[in-house]
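**Student:** missing the sequence, but the structure's below:
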C-alpha cells in the first residue's frame with residue numbers, strides 16, 4: 001500500500017477551459033508592460049520556466065524578482081476571477097470520487113505541480129477538490145525549475161521512500177519525473193497527450209480518465225485487475 005499520492009492538477013484533476021491562459025496573459029502584462037503575444041510550452045512545465053521562456057519570446061530577460069512579481073499578479077488575478085473559473089472550468093470526471101476513495105483508504109495525498117502554490121490552492125478550492133490535499137507535503141512551480149526535482153522535494157517533505165509513492169499525471173513530463181525518482185506512475189490521457197504519447201514516454205499504466213474510481217484505487221494500491 002503506497003503512503004502518498006502526488007497529483008498533478010491541470011488536465012489531471014481540473015480543466016480551466018482557457019481561463020488559466022487568460023490569467024497568465026494578464027499577469028504577464030501587469031509584470032512586463034507588454035501584451036502576451038504568444039506563450040512558451042506549458043504542458044508539464046513549471047510556472048517559473050513558462051514565465052522566463054515566454055519573456056524571451058518577447059525579447060525580455062527576466063530574473064527571480066520579475067517572476068515573484070508575476071506570481072503575485074497571477075495569484076491576484078485568480079482571486080479576482082474565481083467566479084469565471086467556477087463558471088467556465090470544471091473538475092474532471094472522477095476526480096472528486098478518486099480523491100475521496102484514496103482518503104478513505106488512508107492514503108495521504110498532495111500535489112506536485114508547475115503551478116505556484118497559491119494558485120494551486122485556489123484552483124482546487126474553487127472546484128471542491130482541496131479537502132484531502134496535504135499542501136505542506138507538495139511541491140510547486142516556485143520551488144524548482146525541474147519537475148523531477150519537485151517530485152524529489154515532495155518525497156523529502158513527506159519523509160517517504162520512493163517505493164511508497166505514486167504519481168498521477170497527464171503529461172510525458174509527469175512520467176519522466178516519476179521515473180527519475182524511481183516512483184510508480186499512473187498516466188491519465190485526459191489532457192493534450194494521448195495514450196500513445198504517454199506510452200512512448202514510458203508509462204506502463206495508462207487510463208483514459210479517472211471515471212473508473214475503483215480501478216484508480218486498485219492501481220494506486222498496486223493491484224491491476226485488467
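**Tutor:** Alright, I've got the coordinates. If you're wondering where the values come from, they're calculated on a predicted model, not measured in any experiment.
**Student:** Show me what the longest helix along the chain is packed up against.
**Tutor:** In the chain, taking DSSP state H as the definition, the longest helix is helix 64-80. Packing partners of helix 64-80 (3 or more CB pairs under 8 Å, 6 or more residues apart in numbering; DSSP states H and E): helix 19-32, helix 47-57, helix 117-126. Where you see a C-beta, it was placed from the backbone N, CA and C, and this is true even at glycine.
**Student:** who touches the second one?
**Tutor:** This points to helix 47-57. Applying CB atoms under 8 Å, 6 or more residues apart in numbering, the external contacts of helix 47-57 come out as 24, 28, 32, 36-42, 61-62, 66-67, 70-71, 74, 114-116, 119, 141-142, 145.
**Student:** domain parsing for this protein?
**Tutor:** According to automatic domain parsing, the chain comprises the domains 4-15+91-221, 19-86.
**Student:** Report how far apart the opening and closing residues of the last one are.
**Tutor:** What that stands for is domain 19-86. 10 Å (CA to CA, to the nearest Å).
**Student:** What average pLDDT does it get?
**Tutor:** Summarised as a single mean, pLDDT over domain 19-86 is 96.
**Student:** what about it, distance to the chain center?
**Tutor:** In terms of CA atoms, centre = their mean, to the nearest Å, the centre of domain 19-86 is set 16 Å apart from its chain centre.
**Student:** re earlier: need the winner for burial among the domains of the chain.
**Tutor:** With neighbours taken as mean count of other CB atoms under 10 Å, those reach their highest mean count in domain 4-15+91-221, at a mean of 20.
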